[in-house]
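>>> Sequence below, structure please.
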Amino acid sequence: MSETPALDPGLYELLVTTGLAATLGDQAHDAHDRTFADVDAADAPHVLTQHLSTVISRTLSSLPVEEQIDTANRLLQTIPEVVGAETVTSGPQLLTSVTAPMTPPPLRPSTPLADVALFTNSRNDPQLGSELRLEMESADHIDLLCAFVQWSGIRVLENSLRAAAERGVPIRVLTTTYIGATDRRALDYWLFAVRG
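Down below sits the predicted model:
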């Protein structure tokens, strides 16, 4: 069991574990006040999942790959709702595409589809426009949440948006007119020229 380091004054959102409780007990002689809050029942699955994810990730990273799979499968079998459910196969492997016969798979973006990605526009980062175009190529729906829409942005994505619309992909754009940052011409072009 790893020791929980002493806590400096500040704000925290730490799940109270036995290690943390022991640390707090060891620090009981100091002059700091501590506050606690019950985890709301609706938030409990998320909070517990985050904690389990951290512990499991740390454990799996210390094991060879085949032992990682065995450990993951043993963990899955301990959850009552999934006893007898599908376990992880050897490898492990990810399904990365499904295509019609003799059809090459779509090009993949460099960022994982299921992860959140932060683009800083640095020289070594993938470019946002190209990543969006690659994601749109295989998307079955597109939801764009934009602080504002500009003509230059529509032009960068125009062909990809048009191709998605022609494939019948539902496309939604949520934006704002706050301080007039959204270009009305860009929205009109999107609604009538690209979307049809």
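
>>> Near Phe148, how many other residues are there?
Residues near Phe148, counting by other Cβ atoms under 10 Å, number 15. From N, CA and C alone the C-beta is placed, and that goes for glycine too.

>>> should've said Val88
14.

>>> mind listing what the nearest residue to Trp190 once chain neighbours are set aside touches?
Of all residues not flanking Trp190 in the chain, Ile154 sits nearest, at 5.7 Å (Cβ to Cβ, 6 or more residues apart in numbering). Counting by Cβ atoms under 8 Å, 6 or more residues apart in numbering, Ile154 makes contact with 161, 186, 189-190, 194.

>>> what do you get for Leu134?
Contact analysis of Leu134 by Cβ under 8 Å, 6+ apart lists 106-109.

>>> In CSV, list these along with distance to His51 and secondary structure.
Formatted as CSV, the contacts of Leu134 follow (distance: Cβ to Cβ, whole Å; DSSP: H, G, I helix; E, B strand; the rest coil):
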residue, distance to His51, secondary structure
Pro106, 36, coil
Leu107, 37, coil
Arg108, 32, coil
Pro109, 30, coil
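
>>> give me phi/psi at the residue nearest to Trp190?
phi -60, psi -40 (degrees, to the nearest 10).

>>> helix/strand/coil for Asp143?
Three-state call for Asp143 (DSSP: H, G, I helix; E, B strand; the rest coil): strand.

>>> where's the dip in pLDDT among the contacts of Ile154?
On pLDDT alone, Val194 ranks lowest of the contacts of Ile154, at 65.

>>> what helix or strand is Pro101 on?
Following DSSP states H and E, one finds Pro101 outside all helices and strands.

>>> Now do it: how many residues are near it, please.
Around Pro101 there are 4 residues (other Cβ under 10 Å).

>>> what sits against it?
So Pro101 contacts nothing (Cβ under 8 Å, 6+ apart).

>>> same deal with Val169?
Applying Cβ under 8 Å, 6+ apart to Val169 gives the contacts 136, 139-142.

>>> so it sits in a strand?
No: applying three-state DSSP, one finds Val169 to be coil, outside a strand.

>>> distance of it from Ala186?
Distance of Val169 to Ala186, given as Cβ to Cβ, to the nearest Å: 20 Å.

>>> hang on, the earlier thing: possible to save the contacts of Ile154 as a markdown table with neighbour count, distance to Leu94 and secondary structure?
A markdown table is the format used below for the contacts of Ile154 (neighbours: other Cβ atoms under 10 Å; distance: Cβ to Cβ, whole Å; DSSP: H, G, I helix; E, B strand; the rest coil):
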| residue | neighbour count | distance to Leu94 | secondary structure |
| --- | --- | --- | --- |
| Leu161 | 22 | 28 | helix |
| Ala186 | 19 | 37 | helix |
| Tyr189 | 17 | 38 | helix |
| Trp190 | 22 | 34 | helix |
| Val194 | 20 | 33 | helix |
